[in-house]
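1. Provided below for reference: sequence and predicted model.
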Amino acid sequence: MHPFEYSPVAPTPDAFKTLYDTTGWGPTSREASYYAGALAGSWCVQAAYCDGQLVGFARVISDGHLHAFITEMIVHPGYQRRGVGAHMLSSLLAACHEAGISDIQLLSARGKAAFYQRHGFVPRPQEGPGMQFVAALCG
Ligand SMILES: CC(C)(COP(=O)(O)OP(=O)(O)OC[C@H]1O[C@@H](n2cnc3c(N)ncnc32)[C@H](O)[C@@H]1OP(=O)(O)O)[C@@H](O)C(=O)NCCC(=O)NCCS
């Protein structure tokens, strides 16, 4: 029997923080409440549980029509390479497709591009690369 249970409901900020802190992405000194608004503002969420513990999370930020951005794809290190990431990503993509959203983007972490390519993503073309704002470079 598959040991994982999936939910379209956002986890508690405490559970999310515990999982998020396994990634090394942000300062672990942040309070769990820091993430509450972000979770609530998600358009679509996938949470994966094993024996009641949050072991996977991924979400979509979207206007629900034109654009979708998949972010915070996280599987706990102890549960990776067991198909959890693939399951969550497929579910999020299905929700985007169902809503008719064709522009689905994400930023791939180092070493994860092949994983996303196996799920239908391609790098953006050089003539239209992704960019991000850096305040220190402005004015
Ligand atoms: C990226 C990430 C979410 C993938 O989650 P995951 O649950 O490990 O993903 P899957 O198990 O579906 O697939 C991962 C690999 O395991 C393989 N795999 C899946 N089930 C397997 C099994 N039962 N046995 C062996 N390998 C398996 C898949 O083929 C896949 O291989 P690939 O990477 O060569 O494509 C996870 O590595 C992670 O959380 N990393 C840290 C945070 C991060 O970098 N997130 C990405 C942000 S862009």
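-> Yes, it's here. Numbers count the residues shown, from 1 in each chain.

2. C-alpha only now, for contacts and for neighbours.
-> Noted.

3. list the buried ones in the longest helix that the chain contains?
-> For the chain, the longest helix by residue count, based on DSSP state H, is helix 84-98. Buried positions in helix 84-98, judged by neighbour count with 16 or more other C-alpha atoms under 10 Å: Val84, Gly85, Met88, Leu89, Ser91, Leu92, Leu93, Ala95, Cys96.

4. can you check stretch 63-77 too?
-> Buried, per 16+ other C-alpha under 10 Å, within stretch 63-77: His67, Ala68, Phe69, Ile70, Thr71, Glu72, Met73, Ile74, Val75, His76.

5. Helix, strand, or coil at the fifth one?
-> Secondary structure assignment for Thr71 (DSSP: H, G, I helix; E, B strand; the rest coil): strand.

6. could you measure the closest residue to it other than its chain neighbours against Glu5, distance?
-> Nearest in space to Thr71, with sequence neighbours left out and distances taken as C-alpha to C-alpha, 6 or more residues apart in numbering, is Arg59 at 5.6 Å. Arg59 sits 16 Å away from Glu5, going by C-alpha to C-alpha, to the nearest Å.

7. For Ile12, list the residues it contacts.
-> Just so we're on the same page, residue 12 is Thr rather than Ile. Ala36 (C-alpha atoms under 8 Å, 6 or more residues apart in numbering).

8. Use 830 as the first number from now on
-> Sure, I'll start numbering at 830, so the last one becomes Thr841.

9. Do me a favour and average the pLDDT over the longest helix of the chain.
-> Averaging pLDDT along helix 913-927 gives 98.

10. Return the distance of that helix from the chain's centre.
-> Offset of helix 913-927 from its chain centre (C-alpha atoms, centre = their mean, to the nearest Å): 10 Å.

11. repeat for stretch 839-859
-> Per C-alpha atoms, centre = their mean, the centroid offset for stretch 839-859 relative to its chain is 13 Å.
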